[in-house]
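A.B. asks: could you work out the structure for the sequence below:
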Amino acid sequence: MGMVGGGRGAFIGGVHRMAAALDSQIELVCGAFSSDPERSRLSGEDFYLPADRVYGSYAEMIEKEQLLPEGERMDFVSIVTPNHLHYGPAKMALEHGFHVVCDKPLCFSMEEAEELVALVEETGLIFALTHNYTGYPMVKQARAMIKAGELGAIRKVVVEYPQGWLSTKLEDTEQKQAGWRTDPSRSGIAGAMGDIGTHAENLAEYITGLEITELCADLTAFVPGRQLDDDGNVLLRFSNGAKGVLHASQICAGEENDLNIRVYGTKGGFHWRQMEPNTLTVKWLDKPVEVRRTGVGELYPEATAHTRIPAGHPEGYLEAFANIYRNFAHCVRARLAGEAPDPLMLDYPGVKDGLRGMKFIQKVVASNNSKEKWIKI
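C.D. replies: The predicted model follows:
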């Protein structure tokens, strides 16, 4: 793995490195860890990389790594930069024959997203997007239950992602994460809805297997002087006729990362919370409530394949993140060996999921700004 971004002072870069290393399938061999060459060099020292594999820019890294012999050069690029810096390294990596893992959302604009989709289709390279919440075993259990028809026809989806960390104008304190996430020149056209609303959108479509076809959105910047939304409420219509509600907010004082989803069908429903990820609560029309637990009893193969440790030992954020990297690594390894990957390992978000997310952001903002009630995706 070669990494773009994620150097000293970065949050998500460390998460990516831990997740990639968890299964001992991926080795960090090089990186351009900052747009500041000196900070990149110091970060390389932190990670005990040889000086000649630490680069001052992603362009230098991609060009020089391509010249190294196969087996020595990096096999893929992991992009862990702010949104406006996803497209450049992703495009260049694909054009130079490298597979890509990219943090979400996919990029800065729809035009960039569409070009990346076209490049992936043209090159046939493997592209993973780290919508990490899809990696939880009980999320995969929920998806498998719906696919098997256990809940019947899906009628209602309620998905929420409340946070409280931006309840004040934190960006004025030079806090790095708040600074770029509330800056339209780096974050894009949406704030909370682009940052965490896309996680909620992705989770709803992933679990149900349905697509959002229309939406009606109301966005607000509650904190005075903030340029992008810090709160959003969206009504949803799905491809099978189901209806839904999506709420994403970063001004819910006291909330941490309470991503949660409720799905209801004609036979029953369930509730899953990211802050209690090993539990899936299932409710039925005609029988008692069931509590499904990671690693306990008979679960679908999709859930079992992504369960790592015996029941009762909490599996959380890093393990879910690592499931994406493990599956990606398995597919890259199979590609290098000329073999077909295990179908269970093909389960990770890809570039088209990123395109869906970018369309969602674009249409939510368009709906908020329009006099029309409903906007088609």
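
A.B. asks: tell me the contacts of the residue lying closest to residue 316 once chain neighbours are set aside?
C.D. replies: Residue nearest to residue 316 in three dimensions, not counting chain neighbours: residue 277, with 6.1 Å by CB to CB, 6 or more residues apart in numbering. Backbone N, C-alpha and C define where each C-beta goes, glycine included. For residue 277, the contacting residues are 136, 138, 139, 294, 315, 316, 320, by CB atoms under 8 Å, 6 or more residues apart in numbering.

A.B. asks: tell me the strands in the chain, going along the chain?
C.D. replies: Using DSSP state E, the strands of the chain run over 2-4, 30-32, 76-79, 99-102, 127-129, 154-162, 212-220, 231-238, 243-249, 260-265, 268-273, 279-284, 290-293, 375-376.

A.B. asks: by contact count, what packs against the fourth one?
C.D. replies: This means strand 99-102. strand 76-79, helix 87-95, strand 127-129, helix 317-337 (3 or more CB pairs under 8 Å, 6 or more residues apart in numbering; DSSP states H and E).

A.B. asks: cool, the shortest one as well?
C.D. replies: Applying 3+ CB pairs under 8 Å, 6+ apart, we find strand 375-376 packed against strand 212-220, helix 351-369.

A.B. asks: can you give me the angle the last one makes with helix 87-95?
C.D. replies: Helix 351-369 runs at 150 degrees relative to helix 87-95, counting by axes from the mean of the first three to the mean of the last three CA atoms, to 10 degrees.

A.B. asks: gap between residue 341 and residue 323?
C.D. replies: Between residue 341 and residue 323 the distance is 14 Å, computed by CB to CB, to the nearest Å.

A.B. asks: neighbour count for these two, which is higher?
C.D. replies: Just comparing residue 341 and residue 323: by other CB atoms under 10 Å the higher neighbour count belongs to residue 323, 28 against 16.

A.B. asks: OK, contacts around that one?
C.D. replies: 135, 136, 306, 348.

A.B. asks: could you dump those into JSON lines and include distance to residue 261?
C.D. replies: Converted to JSON lines, those look like this (distance: CB to CB, whole Å):
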{"residue": "135", "distance to residue 261": "15"}
{"residue": "136", "distance to residue 261": "11"}
{"residue": "306", "distance to residue 261": "17"}
{"residue": "348", "distance to residue 261": "19"}
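
A.B. asks: with respect to residue 46, which of those residues is nearest?
C.D. replies: Set against residue 46, the nearest of the contacts of residue 323 by CB to CB is residue 135 (26.4 Å).

A.B. asks: on the pLDDT front, check the closest one for me.
C.D. replies: Per-residue pLDDT puts residue 135 at 97.

A.B. asks: cool, residue 314 as well?
C.D. replies: At residue 314, pLDDT is 88.

A.B. asks: please apply the same query to the one 4 residues further on.
C.D. replies: Looking at residue 318, its pLDDT stands at 95.

A.B. asks: what do you get for the one 4 residues further on?
C.D. replies: The score at residue 322 is 97. That number is its pLDDT.

A.B. asks: distance of residue 71 relative to residue 337?
C.D. replies: From residue 71 to residue 337 the distance is 13 Å (CB to CB).

A.B. asks: swap in residue 146?
C.D. replies: 34 Å.

A.B. asks: tell me which of these two has more neighbours.
C.D. replies: Between residue 146 and residue 337, counting by other CB under 10 Å, residue 146 is the more crowded of the two (19 against 9).

A.B. asks: please list all residues in contact with the more buried one.
C.D. replies: By CB under 8 Å, 6+ apart, the neighbours of residue 146 are 154, 207, 208, 209, 263, 265.

A.B. asks: isn't residue 13 up against residue 1?
C.D. replies: No. Residue 13 is not in contact with residue 1 according to CB atoms under 8 Å; the separation is 11.7 Å.

A.B. asks: helices along the stretch 51-200 of the chain, start to end?
C.D. replies: 58-67, 87-95, 110-123, 137-147, 176-181, 184-187, 192, 198-208 (DSSP state H, counting those that start in this stretch).

A.B. asks: got the helices and strands packed on strand 99-102 as TSV, with distance to residue 376 columns?
C.D. replies: Output for the helices and strands packed on strand 99-102, formatted as TSV (distance: least, CB to CB, whole Å):
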stretch	distance to residue 376
strand 76-79	31
helix 87-95	26
strand 127-129	24
helix 317-337	30
